[in-house]
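K.L.:
The sequence and its predicted three-dimensional model are supplied below.
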Amino acid sequence: MASSPLRPPVHLREYSITGFIREVGGHILFGVVAALPTLDPGLVLLCGAESILIDSDHLLTFLDFPVEVRLAHSITFALVAPLALSYLVRGDRRLNPWVFLVTLSAFAAHLAFDVYAGNGLVPLLTPFSVAYASLPYWAWFPLEIGAVLLSALAWYLRRSGGAPTLPRSL
């Protein structure tokens with residue numbers, strides 16, 4: 001019996017241990033590469049970490065929890081996550097522009113790796129549509145270049161004093 005598009009499908013273990021390591025490593029690598037030109041260790045680590053955190057649902061499937069994967073691969077998530085993280089870092093109800101830009105960079109780097117290593121199918125319009133968009137293979141390159149440009153802009157804002165820095169506790 002086929003699953004309804006409104007309910008999560010029947011869960012199957014998605015990755016072997018080597019596949020899981022390759023998936024995690026690839027996402028971190030694409031995130032690190034996106035921020036590496038800034039030569040800012042904080043931005044590099046933040047972008048690399050955020051790039052893999054988008055796939056936290058894959059960790060749950062690896063541990064055999066029945067969850068719908070790839071819901072974080074949407075335009076809605078790409079706008080809400082940077083706003084939420086930016087607010088959490090500031091804590092004063094104002095946008096932190098460089099955190100917002102680094103989070104967008106991590107999202108773009110994440111999609112770049114998904115297209116590079118996978119089939120390019122992503123649910124870009126979730127939660128408004130459960131349909132998957134098909135990104136062409138070549139889209140990984142402009143996505144990664146966009147991620148680099150977003151990180152560079154974040155670095156510029158951070159260095160020019162146009163945005164606050166992270167608290168030392170992070």
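P.N.:
Noted; the coordinates are in hand.

K.L.:
Output the below-cut-off pLDDT ranges for this protein.
P.N.:
Residues of the chain meeting the criterion pLDDT under 70: 1-15, 57-59, 66-71, 89-93, 162-170.

K.L.:
For it, which segments are assigned as helices?
P.N.:
17-35, 41-53, 56-62, 75-90, 97-117, 140-160 (DSSP state H).

K.L.:
give me the number of residues near the residue nearest to residue 119 when sequence neighbours are not counted?
P.N.:
Among residues not flanking residue 119 along the chain, residue 134 sits closest, at 7.8 Å (C-beta to C-beta, 6 or more residues apart in numbering). (C-beta placed from N, C-alpha, C; glycine too.) Residue 134 has 12 neighbours, counted by other C-beta atoms under 10 Å.

K.L.:
How about residue 111?
P.N.:
The tally of other residues near residue 111 (other C-beta under 10 Å) stands at 25.

K.L.:
of all the helices of the chain, which lies closest to residue 128?
P.N.:
Minimum separation from residue 128 across the helices of the chain (C-beta to C-beta) falls at helix 75-90, 7.4 Å.

K.L.:
Packing partners of that closest one?
P.N.:
Judged by 3 or more C-beta pairs under 8 Å, 6 or more residues apart in numbering; DSSP states H and E, helix 75-90 is in contact with helix 97-117.

K.L.:
quick one: the helix it packs on to helix 75-90, angle?
P.N.:
Using axes from the mean of the first three to the mean of the last three C-alpha atoms, to 10 degrees, the inter-axis angle of helix 97-117 relative to helix 75-90 is 140 degrees.
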